[in-house]
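1. got a predicted model here, sequence first, then my questions.
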Amino acid sequence: MIEAFFDYLKNFSSYPVSEAEKDLLKRAFIPSKLRKRQYLLQAGDQCKHFAFIVKGCMRQYLVDEKGVEHMVRLGVEGWWMGDRESWVKVTPSVFNIDAWEDCQLLLIPRQAALELLKKVPAFNEMTCQLDERNNMANQRRLTSSLSSNAEKRYTEFVDWYPELVDRFPQHIIASYLGITKDTLSRVKRHLMRK
């Protein structure tokens, strides 16, 4: 499984990864598997690992007082899942993260990640680029949810994340977009007529 991460790392780094650095990476990551609907993290628990998705797809969500799930993040192969605030502050998470499909993961504990940032330049460069991309994606999503109608939100979602469209059912995508499943159905019917 770690070979998948080495291939991924090449996309972000101008630094070659030495054999010694590969050994550090191998020791830092913990291979893991989740069955569909099995939790990586449950609300109230501390996020002790970030997960690199080698195979499968996952969702991060919170459940309101009425029991309604609100999707915060969706992830597929080559994406990361975890609650950054809980991981950094060592506090209980408000989120659930579970496998939507059977998953193969590489887990990394915070202390191991901090060590890799110091010792593996390619890992540090990757982390900086991912932080920048994450900030831009969050800003884009916030702007869209504040100023775009349902149709525009959906078309932007399809443009930005085509790899997610066929992996998650309509009710999960609707929740991620902050609209109802019925609204998403209407939007899709309208777009098909265009």
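-> That came through, no problem.

2. quick one, helices of this structure?
-> 2-10, 19-28, 84-89, 110-119, 121-147, 150-160, 162-165, 170-177, 181-193 (DSSP state H).

3. just those: most buried one?
-> Of the helices of the chain, the one with the most neighbours on average (mean count of other C-beta atoms under 10 Å) is helix 170-177, at a mean of 19. Where C-beta positions appear, they are placed from N, C-alpha and C, glycine not excepted.

4. what comes into contact with that helix?
-> 59, 61, 69-72, 74, 100, 145, 150, 153-154, 157, 164-165, 168, 180-181, 183-185, 188 (C-beta atoms under 8 Å, 6 or more residues apart in numbering).

5. hmm, try it at 6 Å
-> 70-71, 153, 181, 184 (C-beta atoms under 6 Å, 6 or more residues apart in numbering).

6. now those residues in TSV, with distance to V120 and pLDDT?
-> Formatted as TSV, these follow (distance: C-beta to C-beta, whole Å; pLDDT from 0 to 100):
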residue	distance to V120	pLDDT
H70	36	96
M71	33	97
R153	38	94
K181	44	94
L184	42	95
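
7. now those residues in TSV, with distance to Q42?
-> Formatted as TSV, the contacts of helix 170-177 follow (distance: C-beta to C-beta, whole Å):
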residue	distance to Q42
H70	15
M71	16
R153	29
K181	25
L184	27
